[in-house]
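1. using only what follows, build the 3D model:
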Amino acid sequence: MPAPTILVSIVNYRTADLAVAALGAIADEAIMRGDVMAVIVDNASGDGSPEVIADGIIEMGGPEGWAELLDRDVNDGFAAGNNAAIARFRERHGRTPDIVWLLNPDTVAEPDALGALVRFLDAHPKAGIVGGRVLSPNGSANYSAFNFPSPTGELLAALHFGPLTRALAHREVAIPIPDEPIRVDWVEGSHMAIRGAVIDAIGPMDEGYFLYFEEVDYCARADDAGFEVWHDPASRVVHIGGQATGITGAATGIGRRPRYWFASRARFYSGRYGKSGLARANALWLIGWPIGNLWAILRGRPRRTQSGLWRDMWRYGGL
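-> Next up is the predicted model:
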């Protein structure tokens with residue numbers, strides 16, 4: 001097998017069966033290409049995941065070295081797990097991969113998902129990062145291309161007031177789902193390809209993020225370094241939301257958000273906008289959220305709110 005140039009990184013925490021299935025979904029394409037090394041990183045699951053993953057890789061077959069398990073003894077987050085996979089690739093091959101595809105374990109890639117990303121990067125030399133379309137299990141498209149979070153965007157999200165949102169659409173975080181490639185601020189980390197030149201230029205992902213916002217931060221750093229970030233809907237994966245984190249609904253549903261979500265949010269805002277920017281973002285959200293709830297009730301469309309969200313933002317938003 002020739003030395004691979006593409007790394008597929010799948011970070012697992014207590015979702016071994018899904019991680020093996022995610023690898024299986026790309027196996028035919030990866031093996032046929034012959035230039036792929038896949039690494040499933042187990043972040044100290046402590047539930048027998050490494051054994052399940054190792055057996056799954058053996059049962060999958062394929063040439064020796066195309067896929068392997070990296071069994072870690074610490075769970076220090078998504079960014080650290082992916083950084084460990086890149087370090088393993090460098091150990092094996094003495095160089096940075098040309099492309100690193102970050103792929104959640106709770107995804108099932110459609111045929112040619114990797115090939116579409118590779119072709120896009122080949123055709124767009126200024127692109128440093130590209131993400132693809134993310135589908136729900138029912139086949140509907142999810143938001144997977146975004147503008148950077150901002151204090152104004154926090155107010156729009158909290159109020160959810162149509163006329164204001166339309167007037168400030170460029171500040172909305174979620175971009176309407178595109179059918180053609182589009183340049184964006186950031187793409188979802190569950191399905192994101194990074195050019196190796198980006199890693200060499202700006203370094204690894206920030207391990208100060210345990211989970212959430214690390215891909216936002218990395219896209220921002222890439223943009224600051226002159227690399228473009230794109231979304232290409234030709235590459236598609238199905239994402240079973242919440243399974244990789246064990247926090248179904250934590251970011252968009254009804255479940256309570258974990259403390260580390262607030263810590264990651266605060267880290268991003270402080271790093272990009274300074275402490276004053278974080279304070280503005282918090283103030284606008286805290287003021288806007290109850291007004292938005294009242295507006296929704298008056299319209300007869302009360303919002304399904306997450307448990308303790310306003311209180312948690314007040315308590316933990318400035319971490």
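2. can you pull out the strands in the stretch 101-250 of the chain?
-> Secondary structure of the stretch 101-250 of the chain by DSSP state E, counting those that start in this stretch: the strands cover 107-109, 127-135, 141-142, 145-146, 182-183, 186-187, 191-195, 228-239.
3. out of those strands, the one nearest Ile291 is which?
-> strand 145-146 (24.1 Å; Cβ to Cβ). Using the backbone N, CA and C atoms, a C-beta is placed for each residue, glycine as well.
4. and Ala141, what is it in contact with?
-> Arg133, Val134, Leu135, Ile177, Pro233 (Cβ atoms under 8 Å, 6 or more residues apart in numbering).
5. nearest spatial neighbour of the third one, chain-adjacent residues omitted?
-> Yep, that's Leu135 we're talking about. Spatial nearest neighbour of Leu135, excluding adjacent residues (Cβ to Cβ, 6 or more residues apart in numbering): Val238 at 4.8 Å.
6. how close does that neighbour get to Ser276?
-> Separation of Val238 from Ser276 (Cβ to Cβ, to the nearest Å): 41 Å.
7. show the buried residues in the contacts of Ala141.
-> Arg133, Val134, Leu135, Pro233 (16 or more other Cβ atoms under 10 Å).
8. pretty sure Gly308 sits against Arg256.
-> Yes - the criterion here is Cβ atoms under 8 Å, and Gly308 meets it with Arg256 at 5.8 Å.
9. nearest residue to the middle of this protein?
-> The residue lying closest to the centre of the chain (Cα atoms, centre = their mean) is Gly189, at 1.6 Å.
10. hmm, it is touching Glu214, no?
-> Yes - counting by Cβ under 8 Å, Gly189 does reach Glu214; the two are 6.6 Å apart.
11. overlap in contacts, the two.
-> Phe78.
12. quick one: name whatever helix or strand follows the longest helix along the chain.
-> Ranked by residue count under DSSP state H, the longest helix found in the chain is helix 259-298. The C-terminal neighbour of helix 259-298 among helices and strands, as given by DSSP states H and E, is helix 309-316.
13. buried residues, that following helix. List them.
-> Quick answer for helix 309-316 (16+ other Cβ under 10 Å): Asp312, Met313, Tyr316.
14. just stretch 219-229 next, same as before
-> For stretch 219-229, by 16+ other Cβ under 10 Å, it's Cys219, Ala220, Arg221, Ala222, Asp223, Phe227, Val229.
15. from those, which is closest to Ala84?
-> Using Cβ to Cβ, the buried residues of stretch 219-229 come closest to Ala84 at Arg221, 19.1 Å.
16. find the nearest non-adjacent residue to the residue nearest to the centre of the chain, please.
-> Glu215 (3.2 Å).
17. equivalent analysis for Arg221, please.
-> Ile202 (4.9 Å).
18. the one you found: what's it in contact with?
-> When contacts are counted by Cβ under 8 Å, 6+ apart, Ile202 touches Tyr218, Arg221, Ala222, Ala225.
19. what does the last one show for phi and psi?
-> Dihedral angles phi and psi of Ala225 (degrees, to the nearest 10) take the values phi -90, psi 0.
20. just the pLDDT at it, thanks.
-> What the model reports for Ala225 is a pLDDT of 98.
21. contacts only, for it.
-> Gly128, Val198, Ala201, Ile202.
22. among the residues you listed, which are located in helices?
-> Of the contacts of Ala225, the ones assigned to helices by DSSP H are Val198, Ala201, Ile202.
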